[in-house]
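Student: Using only what follows, build the 3D model:
(one chain, ligands or ions: 1)
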Amino acid sequence: MAEKLIFHKIADHPDELAWGDNHIAVAEASGKKICIGRYTDRFFAFAYKCPHAGGVLAQGWIDPLGNVVCPLHRYKFSLENGRNVSGEGYYLKRWPVEWREDGLYVGMETGGWGGIFG
Ligand code: FES
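Tutor: Numbering: from 1, shown residues only. Predicted coordinates:
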């Protein structure tokens, strides 16, 4: 079932984001701090904090297979689908990203998340 999303513009161009050497930038969408990851010239939006114990994923890194690795305990999450590919059973919240003519947009659910995904 498709969820209702509202797309929020986070930059006029991806180059405007403050990319780290780890190809992760921090952005804000709908008042929420999120991470944007760049992998094989695609962009992925995911939670700022790790679902395990709140590690700051912006300080992690993206492995060669396209997983974001948390800097605290090194659990890995697929950028593609949020799966905890290292097998601990967590799930990383993600949002769709669209690169449109006038900028980069992140789609967020209209209902809000109550902060449970950090
Ligand atoms: S806080 Fe991220 S793996 Fe533990």
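
Student: Could you use CA atoms for every contact and neighbour count after this?
Tutor: Fine.

Student: contact partners of stretch 35-49?
Tutor: With C-alpha atoms under 8 Å, 6 or more residues apart in numbering as the test, stretch 35-49 has contacts from 23-27, 33-34, 55-58, 62, 66, 79-80, 92-97, 106, 117-118.

Student: Of those, keep whichever come out buried.
Tutor: Buried members of these, scored by 16 or more other C-alpha atoms under 10 Å, are 23-27, 34, 55-58, 62, 66, 79, 92-95, 97, 106, 117-118.

Student: and the ligand, which of those residues reach it?
Tutor: residue 55 (C-alpha under 6 Å from any ligand atom).

Student: just the strands in this protein please.
Tutor: 5-11, 24-29, 32-39, 42-47, 61-62, 67-69, 76-78, 94-95, 97-100, 103-109 (DSSP state E).

Student: Go through those and name the closest to residue 87.
Tutor: With C-alpha to C-alpha as the criterion, residue 87 lies closest to strand 76-78 of these, at 8.3 Å.

Student: what's that closest one packed up against?
Tutor: Where contact means 3 or more C-alpha pairs under 8 Å, 6 or more residues apart in numbering; DSSP states H and E, strand 76-78 is packed against strand 67-69.

Student: Mind giving me the packing neighbours of the strand it packs on?
Tutor: Against strand 67-69 (3+ C-alpha pairs under 8 Å, 6+ apart) you get strand 61-62, strand 76-78.

Student: Please identify the deepest-packed of those.
Tutor: Burial of the helices and strands packed on strand 67-69 is given as mean neighbour count (mean count of other C-alpha atoms under 10 Å); strand 76-78 ranks first at a mean of 25.

Student: That's all I had, so thanks and see you.
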